[in-house]
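Student: coords please:
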Amino acid sequence: QVQVVQSGGGLVQPGSSLRLSCAASGRNVDSYAMGWIRQAPGKERVEVACIGYNEDNTYYDDSVKGRFIISRDNSKNIVYLQMNNLKPEDTAVYYCGADWTPLPCPGDRGSWGQGTQVTVSS
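Tutor: As a prediction, the model looks like this:
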């Protein structure tokens, strides 16, 4: 069973940057697809950014393209989400997941973290 532990998040002003981290533990976790979804109150869940076991296989939601960068360090089994030029609409709880799948994004049957709040406000 793969476990994921998230860190990062917080309250920042518009235009600021934040980095979220997601540490995964378990067998063969470096072969897992990992990614982030976010959930804001009253809004649908959004798949934000994902990275497959092949680091060239990435996905970004249109709303974050050019601002967010997902990367992974397989030597440490950590995935990072660098969030730049944050906007108030990025405010949400962000969840990290890991899944054994050829797709870049983890699915519902994957292992998910506890969630971390990101608030962008002046």
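
Student: ranges for the strands of the protein?
Tutor: 3-7, 10-12, 18-25, 33-39, 46-51, 58-60, 68-73, 78-83, 92-99, 111-112, 116-120 (DSSP state E).

Student: nearest to residue 105, of those strands?
Tutor: When those are compared by CB to CB, strand 46-51 sits nearest residue 105, at 3.7 Å. For the C-beta atoms, the positions are set from N, CA and C on the backbone; glycine is no exception.

Student: avg pLDDT for the closest one?
Tutor: Averaging pLDDT along strand 46-51 gives 97.

Student: try stretch 105-113
Tutor: On average, stretch 105-113 scores 93.

Student: tell me the buried residues in that stretch?
Tutor: For stretch 105-113, burial by neighbour count (16 or more other CB atoms under 10 Å) applies to 105, 106, 110, 111, 112, 113.

Student: and the first one, how far is that from residue 66?
Tutor: Residue 105 sits 19 Å away from residue 66, going by CB to CB, to the nearest Å.
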